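Colleague: give me a 3D structure for the following:
(chains A, B, C and D)
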Protein chains: 2
Amino acid sequence: MIEPIGTIWVMPVAKGSTIDPERTRATILEAAAPVLYERGLDGIGVAELCARIGISKETLYRHFGTKDALVEAVLEVRSDRVMRWLASAVAAAGEDPADQLSAVFDALGQWYDEPVFRGCAMLNAAAQHHVEAVRAITARHLGRYLELLTGIASRAGAADPHLLGRQLLILVEGATVVAAHHSAVGAGDHARRAALTLLSAARTSLEC
Amino acid sequence: MIEPIGTIWVMPVAKGSTIDPERTRATILEAAAPVLYERGLDGIGVAELCARIGISKETLYRHFGTKDALVEAVLEVRSDRVMRWLASAVAAAGEDPADQLSAVFDALGQWYDEPVFRGCAMLNAAAQHHVEAVRAITARHLGRYLELLTGIASRAGAADPHLLGRQLLILVEGATVVAAHHSAVGAGDHARRAALTLLSAARTSLEC
DNA sequence: CAATGGTCAAACCGATCGGTTCGATCTCGG
DNA sequence: CCGAGATCGAACCGATCGGTTTGACCATTG
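Modeller: Numbering: from 1, shown residues only, chains lettered A, B, ... in the order given. Below is the predicted model:
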């Protein structure tokens, strides 16, 4: 299993100078991500955030310049990680598009059951922060989801792959929202069964 | 058409004393709702909020005591209004459960197209505010949605009405999220067609 | 005509926010 | 071993926040 929200051990940033600034930046990003996810982007101040991830404010501002810039970088990394995670789940499911679709919702279902699950970080961010850049990252994230799902729909021979892809995206996001804000139990399973029903219907309607 | 987010004309609160405090409270609620929805719960301060709705801070605090209390009251009213709106759309659709389901997603689709549409107010609130009361209101809101949808599924003679109800809830919330954060065009339509496919499948699986 | 009490605008309060600055410390390259 | 530079912790800054208080209206009640 590939976990999208793995706990990160804070590798203490070396005090000296030359130790790869890019690595320091990455370390900060990985440490800040779960804290911002848990507390909400505006739910934690820069001071407390720095204390939690074990760096000084000056270091944070040296590497990111702004809290917003840090947030955007965190979201970018998160989006990349989630997409890699889902893509590998699909790849591990073999050739059958139906199996690939099942794999997506099974993976989501496992995510929903994690104790730290608090919904989709990108959607939460877009709902909180009205900064345009954040909304753009979220929109792009959903676009990447759509690509992956439309690909499955297409390989499955759906009558209208773009329609089915959009419908599958609606299922994915809906399941995540319901799991986060109503009840996580079964959400992944229910969405998976719905997805397979839609896939089947989109195929048979082609055969007729 | 019943609009869930109708613009409210601010009836200036009477200066004198005895003019029905309950009515004043309701007036404030109706004026505050669209502003909080547009700007986000934490995206506008109490001072600016009061200026926008045309009352003084003291009046607001006299009637609600706390910004959080105002927010919770606004969300309660909003949830009631949305549910009445959907219930009346269902009632206007006649007896056929499939028609009722279509009516739900048609109504949602019209909502998505409104220029002020910014996603589900309850979901946005829960994503922003980590106050337990707000999350509870959101959860209850989704529960009411689920009741309505399960009712339709049940009347349609679905093999497993509770499963279908949950799947329809996922479609409703997913469509709203996609419309808000990716692209509003067609979201209601795609979700409606998916819902009808699921409904049909849940029925035929019973007949077999 | 008081008296009551809801209203307003504005000043005010302490807390917290994002962000900056400073002096001291440490690591590394030369 | 020395200078450059990254880091820390803490002090500091102006702005804004949620919430309170004040003093002057004004509309209704008795």
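Colleague: only C-alpha atoms from now on, for both contacts and neighbour counts.
Modeller: Noted.
Colleague: may I see the buried residues of stretch A:119-130?
Modeller: For stretch A:119-130, the neighbour count (16 or more other C-alpha atoms under 10 Å in any protein chain shown) marks A:119, A:120, A:121, A:122, A:123, A:124, A:125, A:126, A:127, A:128, A:129 as buried.
Colleague: which pLDDT value goes with the residue in chain A that chain B sits nearest to?
Modeller: Going by C-alpha to the nearest C-alpha, chain B is nearest to residue A:174 of chain A, at 3.4 Å. If you check residue A:174, the pLDDT there is 98.
Colleague: so which strand or helix has residue A:137?
Modeller: Element membership of residue A:137, judged by DSSP states H and E, is helix A:132-155.
Colleague: and for residue A:176?
Modeller: Going by DSSP H and E, residue A:176 is part of helix A:161-181.
Colleague: tell me how far the spatially most central residue of chain A lies from residue A:92.
Modeller: Nearest residue to the geometric centre of chain A (C-alpha atoms, centre = their mean): residue A:82, 4.1 Å. Distance of residue A:82 to residue A:92, given as C-alpha to C-alpha, to the nearest Å: 15 Å.
Colleague: re earlier: which SSE is immediately downstream of the helix holding residue A:176?
Modeller: Next in sequence after helix A:161-181, counting helices and strands by DSSP H and E, comes helix A:187-207.
Colleague: give me the buried stretch members for that following helix, please.
Modeller: A:187-199, A:201-203.
Colleague: elements contacting it?
Modeller: Secondary structure elements in contact with helix A:187-207, counted by 3 or more C-alpha pairs under 8 Å, 6 or more residues apart in numbering or on different chains; DSSP states H and E, are helix A:97-113, helix A:161-181, helix B:161-181, helix B:187-207.
Colleague: what helix or strand does the spatially closest residue to residue A:64 that is not a sequence neighbour sit in?
Modeller: Nearest non-adjacent residue to residue A:64, counting by C-alpha to C-alpha, 6 or more residues apart in numbering or on different chains: residue A:70, 5.6 Å away. Residue A:70 is part of helix A:67-91 when elements are defined by DSSP H and E.
Colleague: surely residue A:181 touches residue B:134?
Modeller: No - counting by C-alpha atoms under 8 Å, residue A:181 stays clear of residue B:134, with 10.7 Å between them.
Colleague: mutual contacts of the two, please.
Modeller: Residues touching both residue A:181 and residue B:134 (C-alpha atoms under 8 Å, 6 or more residues apart in numbering or on different chains) are residue B:126.
Colleague: tell me the residues on chain A that lie near chain B, please.
Modeller: A:39-40, A:42-43, A:123-128, A:130, A:135, A:138-140, A:142-143, A:163, A:166-167, A:169-175, A:177-178, A:181-182, A:187, A:190-191, A:194, A:197-198, A:201 (C-alpha under 8 Å from any C-alpha of the partner chain).
Colleague: hmm, try it at 7 Å
Modeller: A:124, A:127-128, A:138-139, A:142, A:163, A:167, A:170-171, A:173-175, A:177-178, A:181-182, A:190-191, A:194, A:197-198 (C-alpha under 7 Å from any C-alpha of the partner chain).
Colleague: picking up where we left off before, buried stuff in the helix holding residue A:137?
Modeller: By neighbour count on 16+ other C-alpha under 10 Å, the buried set for helix A:132-155 is A:134-143, A:145-150, A:152-154.
Colleague: go on, stretch A:104-111?
Modeller: Buried residues in stretch A:104-111, counting neighbours by 16+ other C-alpha under 10 Å, are found at A:104, A:105, A:106, A:107, A:108, A:109, A:111.
Colleague: okay, it in CSV with CA atoms only?
Modeller: Provided in CSV are the C-alpha atoms of stretch A:104-111 (Å, rounded to 0.1, in the frame of the first residue of the first chain):
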residue,chain,number,x,y,z
VAL,A,104,-8.9,3.2,-7.4
PHE,A,105,-11.9,3.0,-5.1
ASP,A,106,-10.3,0.4,-2.9
ALA,A,107,-7.3,2.6,-2.4
LEU,A,108,-9.6,5.5,-1.6
GLY,A,109,-11.5,3.4,0.8
GLN,A,110,-8.3,2.5,2.7
TRP,A,111,-7.4,6.2,2.8
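Colleague: gap between that stretch and the chain center?
Modeller: 12 Å (C-alpha atoms, centre = their mean, to the nearest Å).
Colleague: residue contacts, the spatially closest residue to residue A:177 that is not a sequence neighbour?
Modeller: The shortest distance from residue A:177 to any non-neighbouring residue, by C-alpha to C-alpha, 6+ apart, is to residue A:119 (6.3 Å). By C-alpha atoms under 7 Å, 6 or more residues apart in numbering or on different chains, the contact set of residue A:119 is A:176, A:177, A:180.
Colleague: pLDDT weak spots in chain A?
Modeller: Low-confidence segments of chain A (pLDDT under 70): A:1-19, A:205-208.
Colleague: if we go to 80?
Modeller: Within chain A, the segments meeting pLDDT under 80 span A:1-21, A:205-208.
Colleague: which one is the residue of chain A closest to chain B nearest to, not counting chain neighbours?
Modeller: residue B:174 (3.4 Å).
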